[in-house]
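> generate a structure from the sequence data that follows.
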Amino acid sequence: MKLYKIENYLKKIRGFYDTTDLIKVFTGVRRCGKSSLMLTIVDELIEKGIPKDNIIYLDLDRREYREIISDNQLDLLIEEKSKGISGVKYLFIDEVQNVKNFELVLNGFRIEDDYSIFITGSNSYLLSGELSTKLTERYIEFEIFTLNFEEYQSMKNFMARLLIKILYRN
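Just a heads-up that it's a prediction; the model follows:
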C-alpha cells in the first residue's frame, strides 16, 4: 500500500537513516502516525537501494510477537531476524514499551555499530524520564503530532488521487 509522506517529519529524520550510534525514538499520542512514519522510512530505504533483507520490522502489538515481553526474548528475536545479514541492519520496533528492559537490548545492538535503530512507543513511558536515564545521549527523539489542517487536506487529496488510480486501472 502506498503511504502518505509527511515531509515535515521526513526532512528532519532523513539525515539519521544511516546513523548507528543514535537510537531514533518516535513519540506521540496514540494513532498520530508513528507506525506509518516508520513504514514510510522503510519504503524510502528500499527506494534508496537498501536490500529488503537488511530491514527488520517488528510490530510488538502483532499477535505473533505478543509473547515477547522480556529483554532476553527481544534479544533472541533480533538475533534470529539478523542472521545472515551483512552490512548495516535497519531495525524498526513498534510499541517497544511492551518489553521489559528493552533499553538494555537496544543499547547492546547500538553498540555493535551495525544497527540503525528506530522505535515507537507509548508517550507516557518513553517520556517518563526512564528512557532518558537508561539511554543518556544515545537517542534522538522525534515528537509526532496528529495531522494539522494543511496535512489533512494534502492527505485527503493524496487518497483521492490514489483511489482514482485504482478505479481506472481496472
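> mind listing the strands for this structure?
Assigned by DSSP state E, the chain shows strands spanning 23-27, 55-59, 89-94, 115-120, 139-143.
> most tightly surrounded among those strands?
Greatest average neighbour count among these goes to strand 115-120 (a mean of 24), per mean count of other C-beta atoms under 10 Å. C-beta: built from backbone N, CA, C; applies to glycine.
> and that one, what other elements does it pack with?
On a contact count with 3 or more C-beta pairs under 8 Å, 6 or more residues apart in numbering; DSSP states H and E, strand 115-120 meets strand 23-27, helix 34-47, strand 89-94, helix 102-111.
> and the ones you listed as JSON lines, adding mean pLDDT and distance to residue 54?
Shown next, in JSON lines, are the helices and strands packed on strand 115-120 (pLDDT from 0 to 100; distance: least, C-beta to C-beta, whole Å):
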{"stretch": "strand 23-27", "mean pLDDT": "92", "distance to residue 54": "16"}
{"stretch": "helix 34-47", "mean pLDDT": "95", "distance to residue 54": "8"}
{"stretch": "strand 89-94", "mean pLDDT": "97", "distance to residue 54": "6"}
{"stretch": "helix 102-111", "mean pLDDT": "91", "distance to residue 54": "14"}
